[in-house]
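I need the structure of the sequence given here:
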Amino acid sequence: MSIQIENISLKNPVVLAPMSGVTDLPFRSLVGKLGAGMVVSEMTASEQLVLQRRDMVRKVTKDGSDGPFVVQLAGREANWMALGAKLAVDAGAQIIDINMGCPSRKVTKGASGSALMRDLDHAIKLIDAVIAAIDVPVTLKMRLGWDDASLNAPELAQRAQAAGIAMVCVHGRTRCQFYKGKADWQKVKPVRDAITIPLIINGDINSTMSAKKAMMQSGADGVMIGRSACGQPWLPGQIANELAGKKFVEPSLQQQGKYLLEQFSGSLDLYGQKLGVTMFRKHIAWTIDAAFSSLKTKSELSELRSKICRSTNPEEITDQLYELFSSKEKARAA
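You can find the predicted model right below:
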């Protein structure tokens, strides 16, 4: 299985979702290296990118994956979106993704993200502006709608395709659901019926079984993996392999530790020592939870996370992580 985004072919139909504060350069590079078909940058505010705000510029640093370099842009004004798209392409972006799915109040109160699903005419103006400004494929991420009374994803997808959008991704919740309840993959099926371009399904996909079920119920061509990849950067690659009928062996605890230390080194390089440690603490916590949840109680996991995450010294953190994953691997083999 593969997906064609205009002139770009993905090696498999499993995509890492854009997640603010998560899918930075070190994380998405690692996920891409471990087999995801495509990885997407953190959501980048178009206006702040044009104004060269340091953290936004950092978000459009090209990653080391062998898939296309994808930058996701958010905004509410066509001019800023067009200029932001040009800057991202100048930085090497091969695909621009437009965010119309973020449910965050901070984003939607500014009429960006999923708030754009409340005004489809304005949403299409933004799409038109971005497509006119650049010569690379443009994709779109959205939700089912603002709430249960306005499930307008099929209409937006159809109009977006007519405007030139090359692929659509739909999260199976409304904005008002945020991340509560379960994603309704069946409600994405009307989007499949409305468009002929590739469709990606997102929301609550955490295994090959759930990926197969989501694609079957929605009619989607591929899946987007979000929070379930946190602490498990190999998961998108695992799902891609298993969808293709290939056997996948989960990395040993020692190998998981190596991946975590590789990512930590990248974080220090990207952000510098102080910020690099701060930004990486959540990844340490997620990885510890994923690796040791079946071996530790909740209180033991909390103590383990706190012990390592309290440190501000990169060398001390490195030594602690190396000892944790190496010693546990030896104990497991004994």
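
Pull up the pairing partners for the helix or strand harbouring Lys141, direction included.
Element membership for Lys141 (DSSP states H and E) is strand 138-143. Strand pairing for strand 138-143, using DSSP bridges, gives strand 95-100 (parallel), strand 167-171 (parallel).

would CSV of those strands with mean pLDDT and mean neighbour count be doable?
C-betas here are computed from N, CA, C, even on glycine. As requested, the strands paired with strand 138-143 are arranged in CSV below (pLDDT from 0 to 100; neighbours: other Cβ atoms under 10 Å):
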stretch, mean pLDDT, mean neighbour count
strand 95-100, 98, 26
strand 167-171, 98, 28
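
Can you tell me which of those is nearest to Asp148?
strand 167-171 (14.5 Å; Cβ to Cβ).

any idea which helix or strand comes after that closest one?
helix 189-194.

Tell me which other helices or strands that next one touches.
helix 153-163, helix 208-218 (3 or more Cβ pairs under 8 Å, 6 or more residues apart in numbering; DSSP states H and E).

Okay, helices next: where are they in the chain?
25-33, 46-50, 54-59, 78-90, 105-108, 120-133, 153-163, 189-194, 208-218, 235-243, 253-271, 273-292, 298-309, 314-333 (DSSP state H).

May I see those organised as a markdown table, with distance to Pro68 added?
Output for these, formatted as a markdown table (distance: least, Cβ to Cβ, whole Å):
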| stretch | distance to Pro68 |
| --- | --- |
| helix 25-33 | 10 |
| helix 46-50 | 19 |
| helix 54-59 | 16 |
| helix 78-90 | 12 |
| helix 105-108 | 25 |
| helix 120-133 | 16 |
| helix 153-163 | 19 |
| helix 189-194 | 23 |
| helix 208-218 | 21 |
| helix 235-243 | 15 |
| helix 253-271 | 20 |
| helix 273-292 | 24 |
| helix 298-309 | 34 |
| helix 314-333 | 31 |
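
how about the ones you listed, which one is nearest Lys11?
Using Cβ to Cβ, the helices of the chain put helix 235-243 closest to Lys11, at 8.0 Å.

Show residues contacting the closest one.
1, 12-16, 31, 34-37, 205-208, 211-212, 223, 225, 228-229, 247-248, 250 (Cβ atoms under 8 Å, 6 or more residues apart in numbering).

Find out how far stretch 255-272 is from the centre of the chain, if you would.
Chain-centre distance of stretch 255-272: 18 Å, with Cα atoms, centre = their mean, to the nearest Å.

before we move on, what about stretch 301-311?
26 Å.

Repeat that for stretch 233-252.
Per Cα atoms, centre = their mean, the centroid offset for stretch 233-252 relative to its chain is 18 Å.

buried residues in it?
233-243, 248, 251 (16 or more other Cβ atoms under 10 Å).

do the same with stretch 258-268
258-260, 263-264, 266-268.

And for stretch 9-28?
10, 12-20, 22-28.

what do you get for stretch 159-179?
Those would be 159-161, 163, 165-175, 177, for stretch 159-179 by 16+ other Cβ under 10 Å.

about what we covered before: now, the buried residues of stretch 9-28 that are in strands?
If you go by DSSP state E, the buried residues of stretch 9-28 have 10, 14-16 in strands.

and His122, what is it in contact with?
Residues in contact with His122 (Cβ under 8 Å, 6+ apart) are 76, 116.

and if you look at Ala17?
Neighbours of Ala17 in contact, by Cβ under 8 Å, 6+ apart: 23, 40, 202, 224-226, 229.

And for Glu315?
Glu315 sits in contact with no residue, where contact means Cβ under 8 Å, 6+ apart.

now it: how far from Tyr322?
In this view, Glu315 and Tyr322 are 11 Å apart by Cβ to Cβ, to the nearest Å.

likewise Ile124?
52 Å.

do you know how far Leu261 is from Arg305?
16 Å.

oh, I was asking about Gly172
Taking Cβ to Cβ, one finds Gly172 at 31 Å from Arg305.

Could you do Glu242 as well?
On the measure of Cβ to Cβ, Glu242 and Arg305 end up 30 Å apart.

thinking again about what came up before, go through the strands paired with strand 138-143 and name the closest to Leu275.
strand 95-100 (24.2 Å).
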